[in-house]
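*Asks:* Got a predicted structure here, sequence first:
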Amino acid sequence: MRLHLHLLSDSTGETLENIAKAALAQYDDVETLRHFWPMVRSEAHLERILEEIAQNPGLVLFTLVNTDIRRTLEDRCRTMGLPAVAPLDSVNDALSTLLGQEAKARPGRQHTLDAAYFARVDAIQFTIAHDDGLGWEDWEEADILLVGVSRSSKTPTSIYLANRGFKTANIPIVLESPPPDLLFKLKHPLIVGLTTSAERLIQVRRNRLLQLNEGRETEYVDHDAVAREVAHARRLFGDNGWPVIDVTRRSIEETAAAIIKLCGERGRGEAP
């Protein structure tokens, strides 16, 4: 059996990961595809995550203390018919009753604020600020730069890598709008091209249009146009000698693992 498991946390997510790991150990023959979303502290960030959840429906586990963000997540999951579980709620309710006080609604209060923690937070902040081509002026500060056409899993892969301590920027490849020249002069960041099949890309994009209540057929989902877009991106990757990862049949975790392996092979070491 295959299970998509979405883990949303307003902190590093380590507690949530351990809970999920302990629970899954009780089940056999389950292929779990983890989608890990740390530092969820804004409605805009949540909206991007909900798009991925809609594309890969499954179980949603979360530790979110912001009531508005939490309510939005629960409402949208209910609309999609997906279970959304807050595993710490029962523990907090019991402790509140026994101790006679309310829990402090502070994200990540249980974590020790050591150097590694701050390095991860710094990586996540950098990654969010350099999503979808933003902040190109300081791409040299990145550890990893992901390039690919729209909807090729750049953003969720970037966030996953950031949680592992890698400062990650990403940029879309658009036929009509070439990327900044700086992209082709960078020496430090590991630049990785993400590609996928035109068929999968069209399916993902159609789902996105449905979420936006957009029913018109456009070049965004036209097979010939999408095929040209994918071919253009692949030529760009090849011309610049960038390593390429096909995400057609890969989960975000598998893609990230392959990228981290490339970092090791190129002598960039481990993240903080």
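*Replies:* Okay, I see it.

*Asks:* What sits closest to residue 256 if chain neighbours are left out?
*Replies:* Spatial nearest neighbour of residue 256, excluding adjacent residues (CB to CB, 6 or more residues apart in numbering): residue 160 at 4.6 Å. Bear in mind the C-beta positions are built from the backbone N, C-alpha and C, glycine included.

*Asks:* need the contact list for that neighbour.
*Replies:* 36, 252, 253, 256 (CB atoms under 8 Å, 6 or more residues apart in numbering).

*Asks:* Quickly note the distance from the third one to residue 191.
*Replies:* When CB to CB, to the nearest Å is applied, the distance between residue 253 and residue 191 equals 21 Å.

*Asks:* Kindly report the same for the last one.
*Replies:* To residue 191, residue 256 is 16 Å away according to CB to CB.

*Asks:* Compare these two (neighbour count), which wins?
*Replies:* residue 256 (26 against 22; other CB atoms under 10 Å).

*Asks:* so residue 46 touches residue 69, yeah?
*Replies:* Yes: at 5.6 Å, residue 46 and residue 69 qualify as touching, with contact defined as CB atoms under 8 Å.

*Asks:* which one of the two has more residues nearby?
*Replies:* Shown here are residue 46 and residue 69; by other CB under 10 Å, residue 46 has more neighbours (22 against 19).

*Asks:* Now for the more buried one: which residues touch it?
*Replies:* Taking CB under 8 Å, 6+ apart as the test, what residue 46 contacts is 8, 40, 69, 72, 73.

*Asks:* and residue 144, bridged to which residues?
*Replies:* residue 168, residue 190 (DSSP bridges).

*Asks:* ok, now the one 4 residues further on?
*Replies:* According to DSSP bridges, the partner residues bridging residue 148 are residue 172.

*Asks:* And it, how far from residue 233?
*Replies:* Here residue 148 is placed at a distance of 6 Å from residue 233 (CB to CB).

*Asks:* What are the boundaries of the strands in the chain?
*Replies:* Here the chain has its strands, by DSSP state E, at 2-9, 31-37, 59-63, 84-85, 144-148, 168-172, 190-195, 244-246.

*Asks:* Nearest to residue 130 among those strands would be which one?
*Replies:* For the strands of the chain, the distance to residue 130 is smallest for strand 168-172, at 3.6 Å, taking CB to CB.

*Asks:* Can you give the distance of that closest one from its chain's centre?
*Replies:* Distance of strand 168-172 from the chain centroid (CA atoms, centre = their mean, to the nearest Å) equals 12 Å.

*Asks:* and the angle from it to strand 190-195?
*Replies:* Calculated by axes from the mean of the first three to the mean of the last three CA atoms, to 10 degrees, strand 168-172 forms an angle of 40 degrees with strand 190-195.

*Asks:* helices or strands up against strand 168-172?
*Replies:* helix 115-129, strand 144-148, helix 154-163 (3 or more CB pairs under 8 Å, 6 or more residues apart in numbering; DSSP states H and E).
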